[in-house]
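*Asks:* Sequence plus the predicted model coming up.
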Amino acid sequence: MIICIDVGNSNIKYAVFDGDEPRFTFRVATDLKKTSDEYGVQLITMLHINAVEREAITGGIISSVVPSLDYTIEHMLRVYFGVVPKQIAPGLKTGLKMRADNAREVGADRIVNNVSALRKYGTAKPIVIVDFGTATTFNVLKDGEFIGGVIAPGIKGSLDSLVSGTAKLPRVEIEAPKSVIATNTVTNMQAGIVFGFAGLVEYIVKKIKRELKEEVLTIATGGFSEVIARETGCIDVIDKMLTLNGLKYLYDMNCSEEGK
């Protein structure tokens, strides 16, 4: 079995694959203070809950946008599973062409999403990937190439900023209220966050279509993709496994290359 780990600024997402199918997935909060031992115990516990033996893990791959955790997670896999993981970094084959001023600046998660989307959805039309993570990112793919994108504030971070920057506004659940004309503080805030970000996504996708002069396939992924997709008609597909499936594909691709 292969373990795929996506280390984000807010959450770490895990998937254990048995062949091409995920056996189980889970996520934990990203904690810079946790040691490799703590992450190891956490992972072993989840394996036990899902009836997977530690020895069943024979390989792994990591995508990380948190450099200070790179060694911690890699060391955890080495010590607790005897696995030397592959990492999304220069030198790993992805097959992705990138039209970027500096390809090294493109986040590992964005690279994986691009590769995953091209493999699953093809190149018949341009693709826009909207990832609702700590930041809200837009990746634009055309003719199998990453041609650029957009980075906007994240939903949770925007809400946290609103709450921490005011004296009386409470922390609220991120969900759409029944009406945009809200009648109390909680629903006022929910309307602003959910409908505001739905409008942001619609406008940016509209601008991308205008610049490309053609229709696109818009894919949403990330924690709040379903919440926003319900409020806009511009999202065609919700794919919560886009990154983790992309990691498994890249693991297999690089193992095949090494075997040649």
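*Replies:* Now that the structure is in, tell me what you want to look at.

*Asks:* Output the below-cut-off pLDDT ranges for the stretch 151-260 of the chain.
*Replies:* Low-confidence regions of the stretch 151-260 of the chain, defined here as pLDDT under 70, cover residues 257, 259-260.

*Asks:* what are the ranges of the strands in it?
*Replies:* Residue ranges of the strands in the stretch 151-260 of the chain, as given by DSSP state E, counting those that start in this stretch, are 217-222, 237-238.

*Asks:* Of the ones you listed, which is nearest Lys207?
*Replies:* Lys207 sits nearest to strand 217-222 of all these, at 12.6 Å, using CB to CB. No exception for glycine: its C-beta is placed from N, CA and C like everyone else's.

*Asks:* and the closest one, which strands flank it?
*Replies:* According to DSSP bridges, the neighbouring strands of strand 217-222, each with its direction, are strand 127-132 (parallel), strand 237-238 (parallel).

*Asks:* Just the mean pLDDT for the helix or strand following the longest one, thanks.
*Replies:* What it means is strand 127-132. Following the chain from strand 127-132 toward its C-terminal end, the next helix or strand by DSSP states H and E is strand 135-142. For strand 135-142, mean pLDDT rounds to 97.

*Asks:* For strand 135-142, name the packing helices and strands.
*Replies:* helix 108-121, strand 127-132, strand 145-153, helix 185-212 (3 or more CB pairs under 8 Å, 6 or more residues apart in numbering; DSSP states H and E).

*Asks:* Repeat the analysis, applying 6 Å as the threshold.
*Replies:* For strand 135-142, the helices and strands in contact under the criterion 3 or more CB pairs under 6 Å, 6 or more residues apart in numbering; DSSP states H and E are helix 108-121, strand 127-132, strand 145-153.

*Asks:* so which of the ones you listed comes closest to Ala220?
*Replies:* Each of these has some distance to Ala220 by CB to CB; the shortest is strand 127-132, at 4.9 Å.

*Asks:* Export only the CA atoms of the closest one, formatted as PDB.
*Replies:* Coordinates of each C-alpha in strand 127-132 appear next as PDB, following Å, rounded to 0.1, in the frame of the first residue of the first chain:
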ATOM      1  CA  ILE A 127      -9.300  23.800 -17.500                       C
ATOM      2  CA  VAL A 128      -9.600  26.100 -14.500                       C
ATOM      3  CA  ILE A 129      -8.900  24.500 -11.100                       C
ATOM      4  CA  VAL A 130     -10.200  26.400  -8.100                       C
ATOM      5  CA  ASP A 131      -8.700  25.100  -4.900                       C
ATOM      6  CA  PHE A 132     -10.400  26.400  -1.700                       C
END
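
*Asks:* Need the nearest residue in space to Thr94, chain neighbours excluded.
*Replies:* Taking CB to CB, 6 or more residues apart in numbering, and ignoring the residues beside it in sequence, Thr94 has Val115 as its nearest neighbour in space, at 5.4 Å.

*Asks:* how many neighbours does that neighbour have?
*Replies:* Summarising burial for Val115: neighbours were counted as other CB atoms under 10 Å, giving 24.

*Asks:* so it makes contact with Leu247?
*Replies:* No: at 9.2 Å, Val115 and Leu247 do not qualify as touching, with contact defined as CB atoms under 6 Å.

*Asks:* returning to that earlier point: could you redo the helices and strands packed on strand 135-142 as JSON lines and give each row distance to Ile235?
*Replies:* As requested, the helices and strands packed on strand 135-142 are arranged in JSON lines below (distance: least, CB to CB, whole Å):
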{"stretch": "helix 108-121", "distance to Ile235": "13"}
{"stretch": "strand 127-132", "distance to Ile235": "7"}
{"stretch": "strand 145-153", "distance to Ile235": "15"}
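
*Asks:* Relative to Tyr71, which of the ones you listed is closest?
*Replies:* Ranking those by proximity to Tyr71 (CB to CB) places helix 108-121 first, at 15.2 Å.
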